[in-house]
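**Student:** here's a sequence, model it:
(one chain, ligands or ions: 1)
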Amino acid sequence: MKAMKNYQFWFCTGSQDLYGDECLRKVAEHSAKMVEGLNASGALPFEIVPKPTLIDQASIRRTFNEANNDENCAGVITWMHTFSPAKMWIIGLQEYHKPLCHLHTQFNEEIPYDTIDMDFMNENQSAHGDREYGHIASRMGIERKIIVGHWMDAKVWKELADWMRTAIGVMESSHVRVCRVGDNMNNVAVTEGDKVEAQIKFGWEIDHYNINDAVDVVKEVTDGEVAALMEEYDSKYEMLYEGRDPEEFRRHVAVQARIEIGLERFLEAGDYHAIVTHFGMLGGMQQLPGLAIQRLMEKGYGFGAEGDWKTAAMVRLMKIMTSGQKDAKGTSFLEDYTYNFVPGKEGILQAHMLEVCPTIADGPIGIKVKPLSMGNREDPARLVFTSKTGSGVACSLVDLGNRFRLIINAVDCKKCEKPMPALPVATAFWTPQPSLAVGAQAWILAGGAHHTAFSYDLSVEQMVDWAACMGIESVVIDQNTEIRSLKNELKWNSMYYLLNK
Ligand code: MN
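**Tutor:** Residues are numbered from 1 along each chain as shown. Next up is the predicted model:
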């Protein structure tokens, strides 16, 4: 699939000419050293580009508009070295429409007790220059990330790195294209939504095709191409025949190989980043795409089952937000399946009928061919595995009629207590924070779906920041969630969005 752009972030230092050229020379020198240090930290996933010091309304406006128009610029980091009168930022901020970070830092880490004088005080004023600037951004209601700390502090690097990935999610959202070869499942409410509003809010183009348009492309895949992909499957996965005739088994797997190549070709031709299917709308497909979809997700495509385009787009975005992340543990579409209520072992078994992304797998991955009661097609091949342990975020984007709400649950992923030899699908198992009882209650109160976009590699804060940047409501369920205050939060939010429509 198409790789992400070579994104950069601009570093804009604010000042003014009140303190003379010598002061401005030092401002520029400090700023250059800071950008150099941040880039050399090795902690940031994208390059920071230094920009000339901004000292008046015209240069601020021009720089912000250049940032808007530069397609590689994914956001601007602002910092006021000295006092930078906030009124001169108004027009630039008004016209700027990309992610904004306010890095509230200063050049020196420690107060220079022995030498500090009034010149130093005039020159190193971010403690009040940044407040002046911050005031106007707050008065104007501008969404931005504020990061506080010394620029050489690893905690600051981590926050900046996380924000950069959130900014990428915002930038990439504007051109996500979802291909639907299956509609929303009849009578299901929670996976439905307003596609026009989604395009207005998120930029998503959500198109539809007759699945047989894709089947035509699948049929054109050559036997040679299928054989080559089967070789790759053989090298990566263990064929778990489980008493089935190997030749018959491999014929079923080859059907998925053909679907994988054909669907990818279909998506590439239409420049799509995500796909939804529906087991009830398979047309000429021989099998419900299982292994094929799992492999497409692994390549970075978003997916939602039963026509769930909201989750498909979220999976795509969360995959691109984490793309290239060192030691990434994976991102997948998942569904809440069944509970374990045994005291001390509470949790939710996550799976789907087939389509779980192998990026979240822990250990070996096998292929099984088993009957599927849904969909009325031949037995589909699917990848089977269990998933990694550790913390993650489970997200559900729902349409409440007058607004979108992103529900973000911090979850603790665990190993299933025992193997499940009769269950022929990939699984994960997690305990929602703060507990199964409170987490599930909160999720249901907030209107969360049974489908989720899940990642081990994103934090609650990143998803909250993303939602804020997109101008939608977010509801967090984590260690601090308590039902009484959550109910109030939901009521207050409904008033806020009524007033701020
Ligand atoms: Mn489902």
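
**Student:** ok, now how distant is the residue lying closest to E172 once chain neighbours are set aside from E298?
**Tutor:** Excluding the flanking residues, the one nearest E172 by C-beta to C-beta, 6 or more residues apart in numbering is I320, at 5.0 Å. C-beta here means a position set from N, CA and C on the backbone, and glycine is covered the same way. Applying C-beta to C-beta, to the nearest Å, the value for I320 to E298 is 14 Å.

**Student:** and these two? Which one has more around it.
**Tutor:** I320 (23 against 18; other C-beta atoms under 10 Å).

**Student:** list the buried residues in the host helix or strand of L24.
**Tutor:** Using DSSP states H and E, L24 sits within helix 20-40. The neighbour-count check on helix 20-40 (16 or more other C-beta atoms under 10 Å) flags 23-24, 26-28, 30-31, 34-35, 38-39 as buried.

**Student:** out of those residues, which comes closest to S435?
**Tutor:** Closest approach to S435 among these (C-beta to C-beta): L38, at 39.6 Å.

**Student:** list the contacts of that closest one.
**Tutor:** Residues in contact with L38, defined by C-beta atoms under 8 Å, 6 or more residues apart in numbering, are 11, 44, 48, 151, 157, 160.

**Student:** what is the burial count for the third one?
**Tutor:** Other residues within reach of I48 by the criterion other C-beta under 10 Å amount to 21.

**Student:** A helix includes it, no?
**Tutor:** No: counting by DSSP: H, G, I helix; E, B strand; the rest coil, I48 is not found in a helix; it is strand.

**Student:** below-threshold pLDDT in the stretch 51-200 of the chain: ranges please.
**Tutor:** Scanning the stretch 51-200 of the chain for pLDDT under 70 picks out no residues.

**Student:** that one: strands as residue ranges?
**Tutor:** With DSSP state E, counting those that start in this stretch, the ranges of strands along the stretch 51-200 of the chain come out as 73-80, 100-104, 145-148, 177-180.

**Student:** on that earlier part again, buried ones from the contacts of L38, can you make that a ChimeraX selection?
**Tutor:** Buried members of the contacts of L38, defined by 16+ other C-beta under 10 Å, are picked up in ChimeraX with:
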select :11,44,48,151,157,160
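
**Student:** what is the most widely separated pair among the contacts of L38?
**Tutor:** Farthest pair in the contacts of L38, by C-beta to C-beta: F11 and W157, 13.9 Å.

**Student:** near the ion, which residues of the stretch 201-350 of the chain?
**Tutor:** 305-306, 335 (C-beta under 5 Å from the ion).

**Student:** up against the ion, what does the protein have?
**Tutor:** Residues of the chain lying near the ion (C-beta under 5 Å from the ion): 305-306, 335.

**Student:** do you have the strands of the stretch 351-500 of the chain handy? List them.
**Tutor:** Under DSSP E, counting those that start in this stretch, the stretch 351-500 of the chain gives strands at 361-369, 381-387, 390-399, 404-413, 428-432, 451-455, 473-477.

**Student:** which other helices and strands contact the second one?
**Tutor:** Read that as strand 381-387. helix 246-269, helix 291-298, strand 361-369, strand 428-432 (3 or more C-beta pairs under 8 Å, 6 or more residues apart in numbering; DSSP states H and E).

**Student:** how far is the helix or strand of the chain at the bottom of the mean pLDDT ranking from where the chain is centred?
**Tutor:** In the chain, the helix or strand scored least confidently by mean pLDDT, DSSP states H and E is helix 118-123, which has a mean of 88. Computed by C-alpha atoms, centre = their mean, to the nearest Å, the separation of helix 118-123 from the middle of its chain amounts to 43 Å.

**Student:** relative to V253, how far out is G224?
**Tutor:** 16 Å.

**Student:** my bad, should have said V384
**Tutor:** For V384 relative to V253 (C-beta to C-beta), the value is 13 Å.

**Student:** same thing with V425?
**Tutor:** 16 Å.

**Student:** show me which of the two is the more surrounded one.
**Tutor:** A count of neighbours by other C-beta under 10 Å puts V253 above the other of V425 and V253, at 24 against 20.

**Student:** contacting residues for the residue nearest to that one when sequence neighbours are not counted?
**Tutor:** Excluding the flanking residues, the one nearest V253 by C-beta to C-beta, 6+ apart is A381, at 4.4 Å. Taking C-beta under 8 Å, 6+ apart as the contact definition, A381 lies against 252-253, 255-256, 287, 290-291, 367-369.

**Student:** so what's A381 bridging to?
**Tutor:** Beta-bridge pairing for A381 (DSSP bridges): V369.

**Student:** from the ion, how far out is L267?
**Tutor:** Note on L267: its distance to the ion, by C-beta to the ion, to the nearest Å, is 21 Å.

**Student:** perfect, that will be all.
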